[in-house]
Structures are given as C-alpha cells and as structure tokens.
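Q: I'll drop the sequence and a predicted model, then ask my questions.
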Amino acid sequence: MTAHSSQLDTNDPAPGSDGRLFGLDRDMLSACMATLGEPLWRGRQLAEAMYRQGVTEIGLVTTLSRTLRERLEAEGWSIGRPRIAQAFVSNDGTERYLVECTVPPVPAPAPIQTVETVWMPEGDGGETGDGTEAGELENGQALRARPRRDRATICVSSQIGCAVNCQFCLTAKLGLQRNLTAGEIAGQVVAVLDRHGVEIGKERVNLVFMGMGEPFLNYEHWIAAVRLLVNEVGISPQRMTVSTSGIVPGIERFAEEPPEMRPKLAISLNAPNDAVRSQIMPISRKWPIEAVVDAVRQVRLRPRERITFEYVLLGGITDGQEHAEEVARLVRHSGLPAKVNLIAWNPGPGIPYQMPQAAAVDRFRRALEADEVPVYLRRPRGRDIFAACGQLKRTVESARLETSSS
Ligand code: SF4
C-alpha cells in the first residue's frame, strides 16, 4: 500500500495511508494505480465510482476488472466512505444523522467515532448559497417557482467536538476529540446525497460548514474536502458557505484561495462588541472583532458576494435594541458588503442561557432594517429531534454509555 504525497500537517496520516480510497482525488488515485502497474485512467474510473455513482465497496466498481478489484482488496484497500449510522427525522422534514467516521474494518485500536450532519430539505432561510437569497429573483425567475429541493442544505461537521469553547454551544462541551480528514468531511456530503438520491448536475444543493467543529482550525483537511466536493463531486463553491468563530490566521489563509474555488464566508459574530463577545466566545480575547474584520477585508469577493455575520440571539444578553444598533454600526463601519443572519438560540442541557422572546427577535431585526443592514432570520429546523448542534451526538452516546454500563 502506498502513502500519497500530501501538503497536510506533518502530524496527520498521509491520505490513503490507512487503506481508505475515499478522500483521495483523481490524481492521487491515478498515482495509486500507477504503483500497481495499472494505467493512470483507472484513477478516474475509481473517482467516478466513489464520488459520482456513490459506490461504497471496491467489489462493486464494475469499471475495474475483477482481478484488479480482488487485488486491491487483498492488499488492504477499501473505499471507506463515512456511513450514516443513525438518522433522526423531524416533523419539518429536517434529518439529523450520526455519521460514523471510521468505517469497519477499523485499524485496531481505532474506535468508531461519530459526527453530526444535517439535511434541511428547504434550507433554513439563511440563503441559497449562490449570492441570492431564498425567495429573491434570480435571472428574472422567482426561486420559489422552482422545485423546493433547490434550497436543500446540508450542514457539515469539520471536527469531532471543538476546542473553541463558545459558551452557548453544546459541541463545545465535547472538547476537541480530533480533526476530521478530507474524506470524512466530504464523505458526510456524499453519504447524504446518496441517501436522498440527489443527482449533482441535475439538482443543486447548498452546503454549510457550520456543523461540529471550527473549520479554520482544521484548515488543510477542510480545504482539501472543498476541492474534492468541487472537482470530484461537482458541487459549485458558490453554493457553499463556511462559518468561522473568527480564527484570524485561518481567514488570512482563506483570503489567499482563488475566489472561484472557495466557499463564501460567514463570521460567527454573536455579540455587538468585544466586552460581551469575550464572555460568550473566549476566542474574542485572542482575536478581537476589529482584527477579524481586518482579516475579512483581505478576502477578494466575487461579484454580488456578501460576507455573512451570523448572530445568535441570547435572551437578555445579546438581544437588546442597543445591541442591534451597535451591530448595525459595526457592519456599516466595516465597509464590507455584508448581511446579518439572526438565529434565535436553541436551548441545550447544562447551558445557562435563555431563548430570546419573539418580540425581542422582531425588534432586533427591525432595528437592523431601520439602519439599512440586510438581515435574515434563520428558521429553527428540527427542534423536535435535538435542536442544538452537538446535542444529538451527546444524547445518543450518553444513552449508549448508560445502556452498556447497566
Ligand atoms: S459554536 Fe462552533 S466554534 Fe463555537 S464551540 Fe460550537 S462548534 Fe466550536
């Protein structure tokens, strides 16, 4: 088995070194085939099978000869795509999954670990992902006249747990367990597309990297996953949005990516100033809002592209009219083409915050509108199936632990 060239951090295992083909792009797959004395185009056949046709076992890649399939399996290769281990379906159509990131047979003693991935068939009102908003006109045609699946959105995780420690977030309670590999990040998307029979090329979906973890603290794997999703799966980067808590070096690296190959950028702001933000997002002490905004200004935007400021409303803490006015000033003074996505906080066990009152949410939105700041209210999705990110994983895994220890 051959390890492949990689620009990943030196502590990370090289892609393919564990025998998993999923996560390798077609050049890596071709290089792998060459080491077996096979023609390079075998790599393209493997990529087509894994990323376009949803094949999950080498034995089912019928474009390869039986002899080659048997040889690959005998030498320890597997496709190893992440697998949806459990699905929870909401009354509103949202589906949340626990996705197994280490697919058996696992190299001992690696434990099977899971992350959460979410499918929202009608999005959450944030945006369509291509610079237009849900319900806006695009090329003179109302989006609402199209099949509703055009708004379907997959929320993708980038790490198991998270080290950023936002005080309102359940994922933070898990701590950082490990980074996901590119294959594990892209594999969540391909597994969900497969489950819903979505044909990329005929149908469009939006991706938001807003699940568990901080993508910019796993930058190399995350951007490698984006390249796989663009080049191999065929999803436009204009339909992808990455959200960061404000990791300045990550934003600076992101600013160096070619605009035509990178997702859109969202900043998880959540407070009107550093004093409030440091209390709920300790990362603000390391990188204050002004440093984050300075880094964002380095990003070359595509025509019509806007930066999104995500703002979680915590009842009595960040949802006041004065907070809204301060956010409006902050956005205007940034000089960035920007909009604000409001999210009413989802309660979670052990987190000492209150949901905002509906009237406060409305007042906040109207205050931003009065200052001519574009503002959208993200609809809560899947509240009946463990609303908060991280809650599903914690709930299910604690139940398993209790069952196994009883
Ligand atoms: S909100 Fe995002 S960055 Fe903050 S702790 Fe949760 S997963 Fe990490």
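A: Arrived safely.

Q: remind me which residues of this structure are low pLDDT?
A: Residue ranges of the chain with pLDDT under 70: 1-15, 103-111, 125-150, 386-390, 393-406.

Q: again, only this time at 80
A: The chain contains residues with pLDDT under 80 at 1-18, 102-112, 123-150, 379-406.

Q: Could you grab the helix/strand/coil label for the residue of the chain positioned farthest from its centre?
A: For the chain, the largest distance from the centre (CA atoms, centre = their mean) belongs to residue 67, which lies 38.0 Å off. Secondary structure, DSSP: H, G, I helix; E, B strand; the rest coil: residue 67 is helix.

Q: And it, how far from the ligand?
A: Taking CB to the nearest ligand atom, to the nearest Å as the measure, residue 67 falls 46 Å from the ligand. In short, each C-beta sits where N, CA and C put it, glycine included.

Q: Near the ligand, which residues of this protein are found?
A: 162, 164-166, 169, 171-172, 212-214, 245 (CB under 6 Å from any ligand atom).

Q: Mind doing that once more with 8 Å?
A: Neighbours of the ligand within the chain, by CB under 8 Å from any ligand atom: 159, 162-166, 168-172, 210-214, 243-245, 268, 281, 283, 389-390.

Q: Counting neighbours, which of those end up buried?
A: Buried members of these, counted by 16 or more other CB atoms under 10 Å: 159, 162, 164, 166, 168-172, 210-214, 243-245, 268, 281, 283, 389-390.

Q: Which ones among those map onto helices?
A: Mapping those onto helices (DSSP state H) picks out residue 283.

Q: Run a quick neighbour tally on residue 338.
A: Residue 338 has 18 neighbouring residues, counting by other CB atoms under 10 Å.

Q: That one reaches residue 327, doesn't it?
A: No: the pair residue 338 / residue 327 is not scored as a contact, 10.5 Å apart, by CB atoms under 8 Å.

Q: any shared contact partners between those two?
A: Residues touching both residue 338 and residue 327 (CB atoms under 8 Å, 6 or more residues apart in numbering): 309, 373.

Q: Identify the residue spatially nearest to residue 240, adjacent ones excluded.
A: residue 263 (3.5 Å; CB to CB, 6 or more residues apart in numbering).

Q: how about the one you found, what does it touch?
A: Contacts for residue 263 were tallied using CB under 8 Å, 6+ apart; they are 207, 209, 226, 237, 240-242.

Q: one more time with 10 Å
A: 129, 207-209, 215, 222-223, 226, 229-230, 235-243, 254, 257 (CB atoms under 10 Å, 6 or more residues apart in numbering).
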